[in-house]
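Asks: from the sequence below, what's the structure:
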Amino acid sequence: ITNVSHDIKTPLTSIINYVDLLKKEEMPSEKAKEYLEVLDNKSQRLKRLTEDLVEASKASSGNIKLNMEILDVKELIKQVSGEFEDKFEEKHLELNTYMPKEDCLIKADSRYLYRVLENLYGNIVKYALESSRVYIDVFLVEGKVQIQMKNISKEKLNISAEELKQRFVRGEASRNTEGSGLGLSIAESLTNLQGGRFEIYLDGDLFKVIIEFERQKK
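Replies: Numbering: from 1, shown residues only. Sure thing, here's the model as predicted:
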């Protein structure tokens, strides 16, 4: 997959570069501008898909070098929430966060744990019911730090939790979205590689994710 993705990237980079050059030129008509915008959007989507393919391949095979360190989960959640604040506002999603007063330290790779959270927040933005509440909570449970994310899906969740975690799988009604269907698979693989637990729970239209790591002392 990595080799094929590399072969795709070379011509794709040329396409993206030439599209960027065309955007600086005077277009002969409004139709030409529309066509150029479609080319821009689709080439960027293909770039993201290619990157996701490489990451999914590395994550599932364990071909990743981890830099494990002590991380503050509360600070990481605040950081990712800040990054997604505007996107949540666009979809009129009300973010409700709970965190305990105690230290919530875990051992993980900051880059890859950030990617896990980024994928899950992105999933919420894409699939949560607009003008609804989103809950992101941190709990201390029997020597572990647990992150729980809950949202109401805008479409029927006509699929099992296990199927949803498989690569390229999305709920039937969401197949017209821009996602690759790899986000949850990557998030699960990266969590497991770092020694964490990743679970999805579906209850009607409720979508819930639990990520759990061993709690560390200062």
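Asks: could you report the separation of Lys156 from Val125?
Replies: 19 Å (CB to CB, to the nearest Å). (Each C-beta comes from the backbone N, C-alpha and C, glycine too.)
Asks: name the residue in the two with the higher neighbour count.
Replies: Val125 (15 against 12; other CB atoms under 10 Å).
Asks: part of a helix, is that one?
Replies: Yes - looking at Val125 with DSSP: H, G, I helix; E, B strand; the rest coil, it is inside a helix.
Asks: nearest residue to it in space, please, no chain neighbours.
Replies: With sequence-adjacent residues excluded and distances taken as CB to CB, 6 or more residues apart in numbering, Val125 is closest to Lys87, at 4.8 Å.
Asks: what ranges in the protein fall below the confidence cut-off?
Replies: 165-181 (pLDDT under 70).
Asks: centre-most residue in it?
Replies: Asn119 (1.0 Å; CA atoms, centre = their mean).
Asks: report the contact partners of that residue.
Replies: Gly183, Leu184, Ile186, Ala187 (CB atoms under 8 Å, 6 or more residues apart in numbering).
Asks: could I get the residues you listed as a markdown table with secondary structure, neighbour count and distance to Ser131?
Replies: As requested, those are arranged in a markdown table below (DSSP: H, G, I helix; E, B strand; the rest coil; neighbours: other CB atoms under 10 Å; distance: CB to CB, whole Å):
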| residue | secondary structure | neighbour count | distance to Ser131 |
| --- | --- | --- | --- |
| Gly183 | helix | 20 | 23 |
| Leu184 | helix | 23 | 24 |
| Ile186 | helix | 23 | 29 |
| Ala187 | helix | 26 | 26 |
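Asks: would you check which pair of these lies furthest apart?
Replies: Leu184 and Ile186 (7.4 Å; CB to CB).
Asks: count the residues that sit near Ser160.
Replies: Neighbour count of Ser160, defined by other CB under 10 Å: 12.
Asks: so it touches Leu202, yeah?
Replies: Yes - using CB atoms under 8 Å, Ser160 is in contact with Leu202, at 7.3 Å.
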